[in-house]
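[1] below are the sequence and a predicted model for it; my questions follow.
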Amino acid sequence: MQRGVGREHGNLGTRTAPIVNTAILGAFSRITGIVGLEAVLEAVRETVPIRQEENVAAAKEAYELVRSG
């Protein structure tokens, strides 16, 4: 995964402490196949209290950047 995915979507967190949880979820989805991307995105929309769409975008980008298999 490229550096900065979590930061590129609305500065999730702060400069020194970016919040990358949703990006990690997207990458996890791609790598493991345990949970589908749409389920991850739905969970983000339902549970993240602020900046839902920025978090969704971070998860999607991480999913796209990770190579599976």
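    Alright, I've got the coordinates. Numbers count the residues shown, from 1 in each chain.

[2] every contact and neighbour count from this point should use C-alpha atoms.
    OK.

[3] show me what the one helix or strand E42 maps to is packed against.
    In the assignment (DSSP states H and E), E42 maps to helix 37-47. The contact analysis (3 or more CA pairs under 8 Å, 6 or more residues apart in numbering; DSSP states H and E) places helix 37-47 against helix 21-32, helix 52-65.

[4] distance to R45 and mean neighbour count for these - can I get that in JSON lines?
    Below are the helices and strands packed on helix 37-47 laid out as JSON lines (distance: least, CA to CA, whole Å; neighbours: other CA atoms under 10 Å):
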{"stretch": "helix 21-32", "distance to R45": "11", "mean neighbour count": "21"}
{"stretch": "helix 52-65", "distance to R45": "5", "mean neighbour count": "21"}
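
[5] quick revisit: report the angle between the helix holding E42 and helix 52-65.
    Taking axes from the mean of the first three to the mean of the last three CA atoms, to 10 degrees, one finds helix 37-47 and helix 52-65 inclined to each other by 160 degrees.

[6] what mean pLDDT would you report for helix 37-47?
    Model confidence over helix 37-47, given as mean pLDDT, is 95.

[7] V44: which of the helices and strands packed on helix 37-47 is closest?
    Taking CA to CA, helix 52-65 is the member of these nearest to V44, at 6.6 Å.
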